[in-house]
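Sequence and predicted structure, then a few things I'm wondering about:
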Amino acid sequence: MAKKKAPPQLPADFDLQQYLSTKRIIPGRGNPASNLWIIGEAGGSHEHDKRQPFVGPSGQELSKMSNNAGFTFGEVYLDNVIPFQPPRNKLDLLDVPVETFYPLLQEKIAKFRPNCVVAAGGTALRALCGVGGITLRRGSILSSRLVPGIKVVPMVHPAELFKDWSWRTYMIFDLTRAFEESSTPDKNLPVRNLIIRPSFQQALEVLDELSHSPRVCIDIETRRGRIACIGIGNSKDWSLCVPLERRDSSSYWSESQEAELLRAFSVIFENPEIIKIGQNFSFDFAFLHGYRLLVQGDIWDTMWMHNLLWPDFEHGLHVLGSFYTREPYYKEEGKLWERSWDEDMFWQYNCKDVCVTTEVFDALWKELETRGLMEFYKLHYLKQMPKLLGMQMRGFRIHEHRRDRMRKTWEKKVTQAQAALEAKYNLPLNVMSYKDMVWLLYEHLKLPLQRDRRTGNPTTKEDALEKLFVKTQNQTLLQVLELRGLRKFLGSYLNVSVDDDSRIRCAFGHTDFGRLKASKFLDSSGTNLQTIPEVGRAFFIAD
């Protein structure tokens, strides 16, 4: 792997103003006294020619989206982190670090102090807030580190539209939020009561109170294949985290205390009159089932609700939180604690998930009613949930000896097919390698170039190879497709891990079009049991 290029170093006598005097500067435009600023990365060729930011194709789309969000370019101030066009529009070709230009931006913002700044793209986000992850933090209400006290709402740079048009709706939402935020300098972020490190008595009292609630939201966190803590609540304003083990895997409670707490949870979970709320709840359900905590009654999954309402969108909690709450992006806290071993951060993260999921649920419930989709959801999603969870937990029994025999046969087929392909070209080839296949198909065999419609890059996907074969009748394409099929069957069914009870399982969900889909069980075992080829059914036992 090539080493990342080191950033250029500034000479000791570097003079920024003198440096800029050698460049064709692209000054900001609009009203600097506006309460809303939009800061991008750098100008392109159109901006270089006209000496104005956001006048090229990206700027034109940004202008249209701004109109959708309720404001025009004439009402805001537009600028970039880098005040000129970088060589070939590539930041890594600059002869000075990007940070060199931060003081210019800092001085402007500190002088005019807009209520809200849109960080359009990752470069602007890092300059304004000192963090990366634009696709994760977009839509959040953040605090600027460059100029403390200034609000920042990140959005993906409009140039990304020309790679993936689906970003447009996200961008309009983020611009709308930023426009609304520009009415005040205050952040007005949620204040939530996150109960961590409860005493044994406090935990029992809260669980007893929740046993009389019409609904509860449930979220678990796991470590090393076990439940580390269970979060629960019935409001966006507060939640409780009940730890089960410490970071060293020791039990948080005494044996009798843990048993009593699990009994208190079971009273809530097994009560069919209490509505259960969760995000991607099939994961939580499976782990709770392993602890003999059986969740009964109606289960409302916010991921499934959002799938029905907005099938083309992502459905992760970080996306739902950005749309339906004012909670800034916090999902990295679930990983940060691992580096710092901060248990409080871990438990607070669990509590936040409960509060945010509850708030998202309330918003999605209203949206289902407003759009007339509530009955459809109840019929096609809610009623399916218990059956799908039951199928997920039961799985299929495997005849291990029969599968082992078939695995040996398939490994022999793969070896023979691989040897035949490599002998044909007298060099090693990996049919699953994008790089190898691009070289073989388009550089060596000179076959007509097939491109991915979304990215525009050369594609080696199966449908493209099948079309190529129809056009060219090149037998190598059949060899590649056959070898891929053999390797896929071997990896997806014959080599897939089986649970300790000799059963293979999967988790169920929904595609963008609402159809059922299946995937690995708990991300560690099992496979998609909806697409088992006929030849692979010989080692499944119907029971």
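Looks like it came in fine. Numbering: from 1, shown residues only.

Which residue ranges of the stretch 151-300 of the chain form helices?
Taking DSSP state H, counting those that start in this stretch as the criterion, the stretch 151-300 of the chain carries its helices at 167-181, 200-210, 255-269, 281-290.

ok, of these, where does mean pLDDT dip lowest?
Mean pLDDT per stretch puts helix 281-290 lowest among the helices of the stretch 151-300 of the chain, at a mean of 92.

now this structure, which segments are flagged as low pLDDT?
The model of the chain has pLDDT under 70 over residues 1-7, 334-340, 523.

make it 50
Along the chain, segments meeting pLDDT under 50 span 1-2.

how about the residue most central in space within it, what does it touch?
Geometric centre of the chain, nearest residue: residue 316, 5.7 Å, by CA atoms, centre = their mean. Each residue near residue 316 by CB atoms under 8 Å, 6 or more residues apart in numbering is listed here: residue 303. In short, each C-beta sits where N, CA and C put it, glycine included.

Now do the phi/psi pair for it.
Residue 316 adopts backbone torsions of phi -70, psi 160, taken as degrees, to the nearest 10.

quick one: it from residue 136, how far?
9 Å (CB to CB, to the nearest Å).

hey, where'd the strands end up in the stretch 401-543 of the chain?
503-504, 506-510, 516-520, 540-541 (DSSP state E, counting those that start in this stretch).

The stretch 201-350 of the chain now?
Using DSSP E, counting those that start in this stretch, the strands of the stretch 201-350 of the chain run over 215-223, 226-233, 238-243, 275-278, 299-301.

With distance to residue 364 and mean neighbour count as new columns, can those be given to me in TSV?
Output for those, formatted as TSV (distance: least, CB to CB, whole Å; neighbours: other CB atoms under 10 Å):
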stretch	distance to residue 364	mean neighbour count
strand 215-223	13	22
strand 226-233	17	23
strand 238-243	18	25
strand 275-278	10	22
strand 299-301	9	22
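
Present the ones you listed as a markdown table; the columns should include distance to residue 45.
Converted to a markdown table, these look like this (distance: least, CB to CB, whole Å):
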| stretch | distance to residue 45 |
| --- | --- |
| strand 215-223 | 49 |
| strand 226-233 | 51 |
| strand 238-243 | 51 |
| strand 275-278 | 49 |
| strand 299-301 | 47 |
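
C-terminal to the lengthiest helix in the chain, what's the next element?
Assignment by DSSP state H gives helix 343-370 as the longest helix of the chain. Next along the chain after helix 343-370, taking DSSP states H and E as the criterion, comes helix 374-377.

helix or strand right after that next one?
Counting by DSSP H and E, what follows helix 374-377 is helix 384-394.

just the angle between that next one and strand 516-520, please?
Interaxial angle of helix 384-394 relative to strand 516-520 (axes from the mean of the first three to the mean of the last three CA atoms, to 10 degrees): 30 degrees.

What residues sit buried inside helix 384-394?
Buried residues in helix 384-394, counted by 16 or more other CB atoms under 10 Å: 385, 388, 389, 391, 392, 393.

Was I right to think the first one contacts residue 297?
No. Look at residue 385 against residue 297 with CB atoms under 8 Å: they stay out of range, at 10.2 Å.

Touching, residue 452 and residue 459? I think so.
Yes. With contact defined as CB under 8 Å, residue 452 reaches residue 459; the gap is 4.3 Å.

between the two, which one's more packed in?
Shown here are residue 452 and residue 459; by other CB atoms under 10 Å, residue 459 has more neighbours (21 against 12).

separation between the more buried one and residue 475?
Using CB to CB, we find residue 459 at a distance of 20 Å from residue 475.

cool, residue 527 as well?
Taking CB to CB, one finds residue 527 at 31 Å from residue 475.

more neighbours, these two?
Using other CB under 10 Å, the more surrounded residue of residue 527 and residue 475 is residue 527, with 22 against 10.

In space, what's closest to the more buried one - neighbours in sequence excluded?
Closest residue to residue 527 in three dimensions, ignoring its sequence neighbours and counting by CB to CB, 6 or more residues apart in numbering: residue 496, at 4.6 Å.

Now for that neighbour: which residues touch it?
By CB under 8 Å, 6+ apart, the residues touching residue 496 are 504, 525, 526, 527.

got it, and residue 56?
44, 45, 46, 47.

Got the phi and psi for residue 143?
For residue 143, the backbone dihedrals (degrees, to the nearest 10) come out as phi -100, psi 140.

Residue 218 contacts residue 275, correct?
No. Counting by CB under 8 Å, residue 218 does not reach residue 275; the two are 10.8 Å apart.

rewinding a little: can you check which of the helices of the stretch 151-300 of the chain gets nearest to residue 424?
helix 167-181 (42.9 Å; CB to CB).

tell me what that closest one is packed against?
helix 57-69, strand 116-120, strand 151-155 (3 or more CB pairs under 8 Å, 6 or more residues apart in numbering; DSSP states H and E).

so can I have JSON lines of those showing mean neighbour count and distance to residue 326?
What follows is the helices and strands packed on helix 167-181, written out as JSON lines (neighbours: other CB atoms under 10 Å; distance: least, CB to CB, whole Å):
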{"stretch": "helix 57-69", "mean neighbour count": "18", "distance to residue 326": "17"}
{"stretch": "strand 116-120", "mean neighbour count": "29", "distance to residue 326": "13"}
{"stretch": "strand 151-155", "mean neighbour count": "26", "distance to residue 326": "11"}
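
right, so of those, which gets closest to residue 256?
strand 151-155 (49.0 Å).

quick one, what contacts residue 8?
By CB under 8 Å, 6+ apart, the contact set of residue 8 is 94, 95, 96, 97.

One more pass at 10 Å, please.
When contacts are counted by CB atoms under 10 Å, 6 or more residues apart in numbering, residue 8 touches 92, 93, 94, 95, 96, 97, 98, 100.

re earlier: list residues touching both of residue 218 and residue 275?
Counting by CB under 10 Å, 6+ apart, the shared contacts of residue 218 and residue 275 are residue 299.

Now mean neighbour count and distance to residue 192 too, for the helices of the stretch 151-300 of the chain, in TSV please.
Below are these laid out as TSV (neighbours: other CB under 10 Å; distance: least, CB to CB, whole Å):
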stretch	mean neighbour count	distance to residue 192
helix 167-181	21	20
helix 200-210	16	15
helix 255-269	16	21
helix 281-290	20	20
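
any chance of those helices in a markdown table, plus distance to residue 428?
A markdown table is the format used below for the helices of the stretch 151-300 of the chain (distance: least, CB to CB, whole Å):
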| stretch | distance to residue 428 |
| --- | --- |
| helix 167-181 | 39 |
| helix 200-210 | 59 |
| helix 255-269 | 54 |
| helix 281-290 | 39 |
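
sorry, back to before: can you tell me which of the strands of the stretch 401-543 of the chain comes nearest to residue 169?
Nearest of the strands of the stretch 401-543 of the chain to residue 169, taken as CB to CB: strand 506-510 at 19.4 Å.

In terms of secondary structure, what does the closest one contact?
helix 281-290, helix 302-309, helix 384-394, strand 516-520 (3 or more CB pairs under 10 Å, 6 or more residues apart in numbering; DSSP states H and E).

Next, format those as CSV and append distance to residue 532.
Output for those, formatted as CSV (distance: least, CB to CB, whole Å):
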stretch, distance to residue 532
helix 281-290, 20
helix 302-309, 24
helix 384-394, 14
strand 516-520, 10
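
between those, which gets nearest to residue 10?
Residue 10 sits nearest to helix 302-309 of all those, at 47.3 Å, using CB to CB.

Taking their axis directions, the closest one and helix 384-394 sit at what angle?
Using the same axes, to 10 degrees: helix 302-309 against helix 384-394 is 130 degrees.

Wait, residue 315 touches residue 321, no?
No. Residue 315 sits out of contact with residue 321 when judged by CB atoms under 10 Å, with a separation of 11.6 Å.

between these two, which one's more packed in?
When residue 315 and residue 321 are compared for neighbours, residue 321 comes out ahead with 25 against 21, by other CB under 10 Å.

what's the burial count for the nearest residue to residue 357 once chain neighbours are set aside?
Take residue 357 and drop its neighbours on the chain: the residue closest to it by CB to CB, 6+ apart is residue 279, 4.8 Å away. Residues lying near residue 279 (other CB under 10 Å) number 26.
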